[in-house]
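Peer 1: dropping a prediction and its sequence here:
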Amino acid sequence: QVQLVESGGGLVQAGGSLRLSCAASGRTFSRYGLGWFRQAPGKEREFVAAITWDGGTYYKESVKGRFTISRDNAKNTVYLQMNSLKSEDTAVYYCAAGGSLRSDYASLDDEYDYWGQGTQVTVSS
C-alpha cells in the first residue's frame, strides 16, 4: 500500500512558477513509476507528466519545456516544477504511483495504482 500526499499548490500570476511535491509512504518507492495528472473544472482528468522507476520522463505536449518532473528516492518524493504558468494550467493536480508502469502507456490512468488527494493550482491572468 502506498499513500501519496501532494503539497505546493496555490495562487500564482501568469508567467510565474510553482513547485509541487508529492510525498509517498512505503518502502518500495524507488520501484514505482510516478505521474502527475490534473483536472480543470468541467473537464476530464488529463495526463501532465510521468517518470519511470529508472528516470525516463514523459510530458503532455503543451507543458514540454515549461514543466519538469523529478524524483528523490531518498526522500520518497516526486516533484513537478512548473514555470511560465498560463491560465489554462489552472486545475487540481494529482500525483499517482504505478507498480508496473509501462513507459508506452504512462499517460493512461489505468497504469497507476495509487492516487493522492490533489492540490489546487490557480493561475491568474
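Peer 2: It's in. Numbering: from 1, shown residues only.

Peer 1: what residues are up against V48?
Peer 2: When contacts are counted by C-beta atoms under 8 Å, 6 or more residues apart in numbering, V48 touches G35, W36, F37, R38, Y59, K60, V63, F67, L80, Y93. All C-beta spots, glycine's among them, are computed from the backbone N, C-alpha and C.

Peer 1: now with 10 Å?
Peer 2: Going by C-beta atoms under 10 Å, 6 or more residues apart in numbering, V48 touches 20, 35-38, 58-60, 62-63, 67, 69, 80, 82, 89, 91, 93-95, 107.

Peer 1: ok, now S25?
Peer 2: Q1, V2, Q3, L4, V5, N76, Y114.

Peer 1: go again using 6 Å as the cut-off
Peer 2: By C-beta atoms under 6 Å, 6 or more residues apart in numbering, the contact list for S25 reads Q3.

Peer 1: now, of the contacts of V48, which are buried?
Peer 2: 20, 35-38, 58-60, 63, 67, 69, 80, 82, 89, 91, 93-95, 107 (16 or more other C-beta atoms under 10 Å).
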